[in-house]
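**Q** give me a model of this one.
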Amino acid sequence: MLTDKVNLAEKLTKFDEYWAPRTVATLNGQDIMVVKVRGEFVWHKHDDTDDFFLVLQGRLTIHLRDRDVVLGPGEMFVVPRGVEHKPVADEETHLVIIEPTGTPNTGDAATAVPRRVI
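**A** Take a look at the predicted model:
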């Protein structure tokens, strides 16, 4: 149970790995996570859930099959369930992502990073 406020910037100092989200809180069965990203992630989709991205720092391009969505600090985008996408960050970028607890970040449990709580 969350009993104190969460400082996202402080949580982001606790790890260095890219593309390895850390859960900082839960809300109605959803993990609220921070993640550092840089470089390219894999093309993937989530058949059962939308994918929420909020940029805190840096720039993120979300490649979709029909267009690109470029996000800067304070901007967010929701990839609808079932839509293939590939996030890319040319520089270190910090994000908040929200997904149902247990959602594999690659869309495939066999290749997903394990859930980590900080």
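
**Q** what about the helix or strand where residue 36 lies, average pLDDT?
**A** For residue 36, the element it lies in under DSSP states H and E is strand 30-40. Computed over strand 30-40, the mean pLDDT rounds to 96.

**Q** and the next helix or strand past that strand?
**A** According to DSSP H and E, the helix or strand after strand 30-40 is strand 51-57.

**Q** list the buried ones in stretch 27-34?
**A** 30-34 (16 or more other CB atoms under 10 Å). Heads up, the C-betas are built off the backbone N, CA and C, glycines and all.

**Q** list the contacts of it.
**A** Stretch 27-34 has contacts (CB atoms under 8 Å, 6 or more residues apart in numbering) with 8, 11-12, 21-26, 56, 94-101, 103, 115.

**Q** contacting residues for the spatially most central residue of the chain?
**A** Nearest residue to the geometric centre of the chain (CA atoms, centre = their mean): residue 97, 3.8 Å. By CB under 8 Å, 6+ apart, residue 97 lies in contact with 21, 33-35, 51-54.
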